[in-house]
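[1] When you get a sec, could you give me coordinates for this:
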Amino acid sequence: MSIFEELLRAEEMPLFYKVHYEIPAISVGDVEAAVRAAVHRKESLSAIQMGDTVAITAGSREISNIALIIKTLVEEVKQAGGVPFIVPAMGSHGGAVAEGQTKILHDYGITEEYVGAPIRSSMETVCLGKTKEHGFEVHLDKNASEADWIIPVGRIKPHTDIKGPIQSGLMKMLVIGLGKQEGAAICHANGFLKMSENIVEIGKVILDKAPILFGLGILENGHHDTYRIEAVASCEFLKREQELLKDAKRQLPCIPFEKLDMLVVDQMGKDISGAGMDPNITGRSSIHGISKPNIERIVVRDLTENSHHNASGIGNADVIPQRMYDKINLEETYPNCITSCDVAGFKLPVIMPDDRLAFKLALHTITEASAETGYRIMWIQDTNHLQTFYITERLLEEAKKNPALTVEEQPLEVVYDAGGYVEQFKAAGSE
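    Residues are numbered from 1 along each chain as shown. Presented below is the predicted three-dimensional model:
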């Protein structure tokens, strides 16, 4: 018996109950048709002359239907006489190297063969000048700067740490995405509390000096499905993005409990959220601290495959198992730390040999509940998928009062494999 097993021998995970969360599921339906309708609604492509080169951005987040959206946009640009190409727009992600950024796109299905346009990936930028207010240098991807037109494509949503009228969206895609590592670092230099202001300040220069044709804004519903696609004229970016952000906030699901003692998260990663787990869901931010549902302990079990071993946001977890730690590549992770100037979000949590001991340690260190009172534990796949989750008995009463939740009556126990990692849930008491 290891010292961990000896010290934590009294702790065991309680029984769980499966819950179904009815989240509104309005979506665009036919994604291709939605893209075509969006770009034709305001004659967004009418300025393209025969042979004009058009840079279309693609970011590092796992946006639903993103490969199809970009493929359809490429087809429309070609139909209008343009010559499109794809530019990775993801700041310092992908290890802050061109090859790493191309690989991220490939893993999302954005390949030259599928979308029908070449990918031009580089970390080289050009400086468009400086902002008047604070003298920030304004950087833009060199390949994009040489195009006749640029179309930023991005998901508009509440950011994990940026607060303000402009958060994640088209402006951020211009400033941080196309700014590459250098531009992203400049925008982050004053910390996240000034980020919304910095994005607007730098973005205005890009809108003034770069040939932005229009932006294609994407909104998702609480099922991580495409809810809305809209072409936004460059002259309307600031005003319209604020309006679309309000709509995006209305689609965001939440943890439907007032307080949790512990949250178990099966996986985190940059493809899910810039912070690995979305603080808008967990209430846990390395920048803004802890808020509702005021979770005392967070256990994260794994990194997603599409995170490419980037564990940005790992500092928001309290405990992880050894298997997850072994997947972390610091050369993939720390460029984001350096760029964002956020050290707290990259600190390592407690590392335990396996899932079972990770749970035991988390339970043992909870101060606001005990085995006698019962633990308020919620278990989710990740912060993008809340449609189905598991809860302990202590949360049953609250769950049954919520009309959006349906609780299955069968209690379940956690089954571990020989290595101490979770294998499955099974009916309590069954063989």
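
[2] Quick one: the helices in the stretch 151-300 of the chain, in order.
    170-172, 180-188, 195-209, 237-251, 279-282 (DSSP state H, counting those that start in this stretch).

[3] ok, residues contacting stretch 183-202?
    Identification of contacts with stretch 183-202 by C-beta atoms under 8 Å, 6 or more residues apart in numbering yields 91-92, 125, 131, 133-134, 136-140, 159, 161-167, 171-172, 175-176, 179, 238, 287, 338-342. Every C-beta, even on glycine, is put in place using the N, C-alpha and C of the backbone.

[4] rewinding a little: turn the helices of the stretch 151-300 of the chain into CSV, including distance to residue 11.
    Output for the helices of the stretch 151-300 of the chain, formatted as CSV (distance: least, C-beta to C-beta, whole Å):
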stretch, distance to residue 11
helix 170-172, 43
helix 180-188, 40
helix 195-209, 40
helix 237-251, 38
helix 279-282, 23
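
[5] out of these, deepest packed?
    helix 170-172 (a mean of 29; mean count of other C-beta atoms under 10 Å).

[6] Report all helices and strands that that helix contacts.
    For helix 170-172, the elements it packs on are helix 195-209, helix 237-251, judged by 3 or more C-beta pairs under 8 Å, 6 or more residues apart in numbering; DSSP states H and E.

[7] I'd like to know which of the ones you listed lies nearest to residue 312.
    Among these, the nearest to residue 312 by C-beta to C-beta is helix 195-209 (15.5 Å).

[8] Report the angle between that closest one and helix 237-251.
    With axes from the mean of the first three to the mean of the last three C-alpha atoms, to 10 degrees applied, the angle from helix 195-209 to helix 237-251 works out at 140 degrees.

[9] distance between helix 195-209 and the chain's centre?
    22 Å (C-alpha atoms, centre = their mean, to the nearest Å).

[10] hmm, back to that, can you flag the buried ones in the contacts of stretch 183-202?
    Taking 16 or more other C-beta atoms under 10 Å as the criterion, what is buried in those is 91-92, 125, 131, 136-140, 159, 161-162, 164, 166-167, 171-172, 175-176, 179, 238, 287, 339-340, 342.

[11] contacting residues for residue 46?
    residue 80.

[12] switch the cut-off to 10 Å
    39, 40, 80, 213 (C-beta atoms under 10 Å, 6 or more residues apart in numbering).

[13] Going by mean pLDDT, which of the helices of the stretch 151-300 of the chain comes out lowest?
    Among those, helix 180-188 carries the lowest mean pLDDT, a mean of 87.

[14] Sketch out the low-pLDDT regions of this structure for me.
    Residues of the chain that meet the criterion pLDDT under 70 lie in 1, 431.

[15] Distance check, the closest residue to residue 249 other than its chain neighbours against residue 299.
    Spatial nearest neighbour of residue 249, excluding adjacent residues (C-beta to C-beta, 6 or more residues apart in numbering): residue 158 at 5.5 Å. According to C-beta to C-beta, to the nearest Å, residue 158 and residue 299 sit 24 Å apart.

[16] the more surrounded of the two?
    A direct count of neighbours by other C-beta atoms under 10 Å for residue 158 and residue 299 places residue 299 higher, at 26 against 18.

[17] pretty sure the more buried one contacts residue 321?
    Yes - counting by C-beta atoms under 10 Å, residue 299 does reach residue 321; the two are 8.4 Å apart.

[18] Now the common contact residues for these two.
    Shared contacts of residue 299 and residue 321, defined by C-beta under 10 Å, 6+ apart, comprise 352, 355, 358, 359.

[19] ok, residue 294 - contacts?
    Residue 294 touches 257, 258, 259, 260, 261, 283, 284, 368, counting by C-beta under 10 Å, 6+ apart.

[20] before we move on, what about residue 395?
    16-17, 19, 256-261, 374-378, 405, 407.

[21] now do residue 344
    Per C-beta under 10 Å, 6+ apart, neighbours of residue 344: 285, 286, 287, 289, 315, 316, 337.

[22] Quick check: the second one vs residue 378, distance?
    Applying C-beta to C-beta, one obtains 21 Å for the distance of residue 286 from residue 378.

[23] next one: the first one
    Relative to residue 378, residue 285 is positioned 18 Å away (criterion: C-beta to C-beta).

[24] wait, doesn't residue 365 sit right on residue 297?
    Yes - counting by C-beta under 10 Å, residue 297 is a contact partner of residue 365 at 6.4 Å.

[25] between those two, which one's more packed in?
    Taking other C-beta under 10 Å, residue 365 and residue 297 do not tie; residue 297 has more neighbours (26 against 15).

[26] How much space separates the more buried one from residue 395?
    Distance from residue 297 to residue 395, counting by C-beta to C-beta: 15 Å.

[27] Check residue 283 too.
    In terms of C-beta to C-beta, residue 283 sits 16 Å off from residue 395.

[28] what do you get for residue 371?
    Using C-beta to C-beta, residue 371 is found at 15 Å from residue 395.

[29] Where do the strands of the stretch 301-431 of the chain begin and end?
    319-321, 350-352, 377-380, 388-392, 405-407, 412-416, 422-427 (DSSP state E, counting those that start in this stretch).

[30] Excluding chain neighbours, what is closest to residue 57?
    That would be residue 89: by C-beta to C-beta, 6+ apart, it lies 3.8 Å from residue 57.

[31] for the one you found, what are its contacts?
    So residue 89 contacts 55-60, 101, 141, 144, 150, 152-154, 172-180 (C-beta under 10 Å, 6+ apart).
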